[in-house]
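A.B. asks: 3D model of this:
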Amino acid sequence: MLPKYEEAAAMFAAYDLDVSRETYDKMEKYAAFLVDYNQNVNLTAVTEGEEILKKHFLDSLLLDHYGKIPASASLLDIGSGAGFPGVPLALQRPDLEITLLDSLQKRITFLQKLSEHLECKYDAFHGRAELDARKETMREQFDVVTARAVAAMPTLAEYCLPFVKVGGLWLAMKGPGEPVEPAKRAIGLLGGSLLDTIRYQLPGGDERVIYVVKKVSHTPTKYPRNSGQIKQKPL
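C.D. replies: Next up, the predicted model:
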C-alpha cells in the first residue's frame, strides 16, 4: 500500500522527522483500512499509496514539527474526516491526549473502528463545533486545537478559538491561496493573536500554510454564535 519503510523514512528525514518502523507499520495498516473502507463510505479522494503518505501522513506530522505541539498537550481536531491530522499525531505522539470531532456520524464510526484496528488511543465523537464550544466540559479546555480545510479562516476562527485555553494554540492548516488578513478581526474578537505564518512544500511541490494563533484572552460568552449567523455574517 504505502512505499517501503526505507523510502518513506528518507522522505521524513528530509523534513527532520524521525518515524519508527513500528509507527510506520501502523500507518500502513491505517492506509489499507482507509482505502478499503472508502469503497463504501466516501472519506478521501486520495487513495494511492505514495499520495496518502505525502498528502495525509507527512502533512499531518509536519503540523507537529512546525507547530511545536507541547509535550502531553490536550489536542482537539475539528472536522477530523478520515482522521487527519489527529490520528497520525496520535500514532507519532502517544503522549498527546487527542480528541477528534466531526459533524457526520459515519466519519466518527470509521474513526472509532480505526482506533480499535490500530490499537491507538484517542477519543472520537459526533458533534458540532458551534454547539460543543458552549459546553463547560469543552469550552477553553484544550492546549491545542487543529483544523484542516474545514472552512474559510474567519468562519473557522469562530469554530476553533472558543475551545482553546488562554495560553494555548490554534493551528490552522491551509492551502497557499487563503490569506489570514480577512480573519484578523475575528481572531482578535475571539481572544486570539496571530503568532506565526509557516509556509512549506510537500514532495512534488504542493504548497501548504500553517497559521499559528495564540489564545491571549478569554473568548466572549456570546461566541460562538449559531451556525446560520456564523455562515451568513462572518466576524
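
A.B. asks: surely Y24 touches E6?
C.D. replies: No - contact criterion C-beta atoms under 8 Å: Y24 and E6 do not qualify, at 10.0 Å. Where C-beta positions appear, they are placed from N, C-alpha and C, glycine not excepted.

A.B. asks: look at those two and report which has more neighbours.
C.D. replies: Taking other C-beta atoms under 10 Å, Y24 and E6 do not tie; Y24 has more neighbours (21 against 9).

A.B. asks: which residue is the nearest non-sequential neighbour of that one?
C.D. replies: Once flanking residues are discounted, Y24 sits nearest to Y5: 5.1 Å by C-beta to C-beta, 6 or more residues apart in numbering.

A.B. asks: can you give me the pLDDT of that neighbour?
C.D. replies: As predicted, Y5 sits at a pLDDT of 97.

A.B. asks: send the alpha carbons of the lowest-mean-pLDDT helix or strand in the chain over as PDB?
C.D. replies: For the chain, using mean pLDDT, DSSP states H and E, the weakest element among its helices and strands is helix 227-232, scoring a mean of 92. Written as PDB, here are the backbone C-alpha positions of helix 227-232 (Å, rounded to 0.1, in the frame of the first residue of the first chain):
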ATOM      1  CA  SER A 227     -24.400  28.100  12.600                       C
ATOM      2  CA  GLY A 228     -26.600  30.300  10.500                       C
ATOM      3  CA  GLN A 229     -25.200  33.500  11.900                       C
ATOM      4  CA  ILE A 230     -21.600  32.200  11.500                       C
ATOM      5  CA  LYS A 231     -22.100  31.400   7.900                       C
ATOM      6  CA  GLN A 232     -24.200  34.400   6.900                       C
END
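
A.B. asks: quick one: it to chain centroid distance?
C.D. replies: 22 Å (C-alpha atoms, centre = their mean, to the nearest Å).

A.B. asks: go on, stretch 156-169?
C.D. replies: Centroid displacement of stretch 156-169 relative to its chain, using C-alpha atoms, centre = their mean, is 13 Å.

A.B. asks: and it, what's buried?
C.D. replies: Neighbour-count burial for stretch 156-169, with 16 or more other C-beta atoms under 10 Å as criterion, is recorded at L156, A157, E158, Y159, C160, L161, P162, F163, V164, K165, G168, L169.

A.B. asks: ok, stretch 43-55 next?
C.D. replies: L43, T44, V46, G49, E50, I52, L53, K54, K55.

A.B. asks: got it, and stretch 28-41?
C.D. replies: Quick answer for stretch 28-41 (16+ other C-beta under 10 Å): E28, K29, Y30, A31, F33, L34, V35, Y37, N38.

A.B. asks: do you know how far the residue nearest to Y24 is from K214?
C.D. replies: From Y5 over to K214 the distance is 37 Å, taken as C-beta to C-beta, to the nearest Å.
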